[in-house]
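Visitor: build me a model from this:
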Amino acid sequence: MRRFTIKALVCAIAFAAIGLVAAGREAAAQPYPNRAIRAIVPFAAGSATDIVARAFADRMTATLGQSIVIENRPGANGMIGANAVAKADADGYTILIGTNSTNAAAPALFNNVPFDMHKDFQPISFLCSVPLIVAVPNDLPVKTLAELIAYARGRTDLTFASASASQRVSTEMLLSMTGMKMTHVAYRQGPTAMQDLIAGRVTLFTADLGVMLPQVRGNTIRPLAVTSSTRSPQVPDLPTVDEAANVKGYELIAWFGMFTPANVPADVVTKLNAAVRAAAATPEVQNSLQAALGMQIAPSSPEELAARVRTEAVKWQEAATVAGIEKQ
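Guide: Numbering: from 1, shown residues only. Just a heads-up that it's a prediction; the model follows:
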C-alpha cells in the first residue's frame, strides 16, 4: 500500500510538472504582449521624463491590451535606469523611456558609461521634445537675463543646479557664452533642485517646460529665457537666450524616446511602434503634453530614432566641448 502511495505521488508530481511546462509553452506561444509591460523611467517621479512616460503608457495600454507599469529608477544622470534596461531580457516586456541624457549625451559627460547606447538598445520611436527655461529665485535682484549677467560679473559665490545632462550642459553653455561664473551643484532628482531654487539655495536652474511651467505659472520662480532658437507658444513673452543675452547660436532642447534591450523580436518592435503612434494621436496625449506643457510630439520609425541618436551624440559631444565640461 505504501509503495502504491509513493508511486501515485511521483506520478502526480510528474503530471503537474508536465502541466506547468505545457502552460509555459502555451503562454510563450500567445501573441505579444500577454502580460504587463514594465517601463523604466530613469528619472524621478514628477520629472518631465516621468510625465511623458505616464501620458504615453496610459494610451498605449488601450492598443496593446496589457498594462504598462511605470518604474522610476533615478540616479547617475539616468544611467542606473538605462543600464537596467540594457541588461534586461530581450522579450519586449521591459522598455526604457530614454532621453538625450541617457541615449545621446552620456558618453560626452562620463568616463564609465555602463552601456553602449548604439549597441545595447533597440530604438522603438521618438516621442517628443521640449525647450528648457532658465530661471532664478524670486528674491534674486534681477528681472532679466541681461541683468543676471551684469549681477554675476566679478562674483564667485553663485551656483547653478542640475539633475540631468540637458540641465547641466544647457547652463554650462550659457555660462561659457556669457562669461558668467557659477559653481555646479549636482542633484539626484530634478524636483529637489526645484525646491532649492524656490528656496533660494541655488542661484540658477535650467529645466524643461514640463518641470518649469507649473512653477512659472504659480509665480514661485522667475523665468528669464527659453533655450530654444524660437520663443515657446506656452510662454510667448519669454525671450530666447539669444535675444535675452545678446548672443548668437545658443540652442539646446530636451527630447524623449522609447527603447527596448537590443535583439527583441521584430514583431515586438512593430507592435510597440504602432502603439506609440496611436497614443501620440490621441487628444489625451496631445492635451497633456503639447497643449499644457509645450512639448512637440513627433513619433518616428525605429530607424529614424536610431539615426537621431547618432546625430545627437555628435551634437552633445560638441556642446560639452563648447561648455568646457570635463568628463567625470
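
Visitor: going forward, measure contacts and count neighbours with C-alpha atoms only.
Guide: Will do.

Visitor: in the stretch 51-200 of the chain, which spans are helices?
Guide: In the stretch 51-200 of the chain, the helices defined using DSSP state H, counting those that start in this stretch lie at 79-86, 100, 106-109, 145-152, 165-178, 190-199.

Visitor: could you point out which of the ones you listed sits nearest Ile124?
Guide: Across these, the minimum distance to Ile124, taken as C-alpha to C-alpha, is reached by helix 79-86, at 13.4 Å.

Visitor: which other helices and strands does that closest one contact?
Guide: When contacts are defined as 3 or more C-alpha pairs under 8 Å, 6 or more residues apart in numbering; DSSP states H and E, helix 79-86 packs onto strand 37-41, strand 94-99, strand 253-261.

Visitor: what's the mean pLDDT across that helix?
Guide: Average pLDDT, helix 79-86: 97.

Visitor: what inclination does that helix have with respect to strand 94-99?
Guide: 140 degrees (axes from the mean of the first three to the mean of the last three C-alpha atoms, to 10 degrees).

Visitor: CA atoms only: put helix 79-86 into CSV for me.
Guide: Provided in CSV are the C-alpha atoms of helix 79-86 (Å, rounded to 0.1, in the frame of the first residue of the first chain):
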residue,chain,number,x,y,z
MET,A,79,22.3,55.8,-16.2
ILE,A,80,21.1,53.5,-13.5
GLY,A,81,17.7,53.1,-15.1
ALA,A,82,19.0,52.9,-18.6
ASN,A,83,21.5,50.2,-17.6
ALA,A,84,18.8,48.1,-16.1
VAL,A,85,17.0,48.1,-19.4
ALA,A,86,20.2,47.4,-21.4
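
Visitor: next one: that helix to chain centre, how far?
Guide: When distances are taken as C-alpha atoms, centre = their mean, to the nearest Å, helix 79-86 is centred 12 Å away from the chain's centroid.

Visitor: give me the contacts around it.
Guide: Here helix 79-86 makes contact (C-alpha atoms under 8 Å, 6 or more residues apart in numbering) with 40-43, 72-75, 94-96, 98, 102, 106, 113-115, 120-121, 260-262.

Visitor: now do stretch 180-187
Guide: By C-alpha under 8 Å, 6+ apart, stretch 180-187 touches 149, 152-153, 155-163, 174-175, 193.

Visitor: where does pLDDT dip in this protein?
Guide: 1-29 (pLDDT under 70).

Visitor: roughly how far apart are Asp139 and Thr220?
Guide: For Asp139, the distance to Thr220 equals 10 Å [C-alpha to C-alpha, to the nearest Å].

Visitor: quick one: which of the two has more around it?
Guide: Per other C-alpha atoms under 10 Å, whichever of Asp139 and Thr220 has more neighbours is Thr220, with 18 against 13.

Visitor: wait, doesn't the more buried one sit right on Asn138?
Guide: Yes: using C-alpha atoms under 8 Å as the test, Thr220 is close enough to Asn138 to be in contact (6.8 Å).

Visitor: name the residues contacting each of those two.
Guide: Joint contacts of Thr220 and Asn138 (C-alpha under 8 Å, 6+ apart) are Ile198.

Visitor: phi, psi for Gly200 please.
Guide: Main-chain torsions, Gly200, degrees, to the nearest 10: phi 80, psi 20.

Visitor: from Gly75, how far out is it?
Guide: 24 Å.

Visitor: same question for Glu284.
Guide: 30 Å.

Visitor: next one: Lys315
Guide: Relative to Gly75, and taking C-alpha to C-alpha, Lys315 is found at 23 Å.
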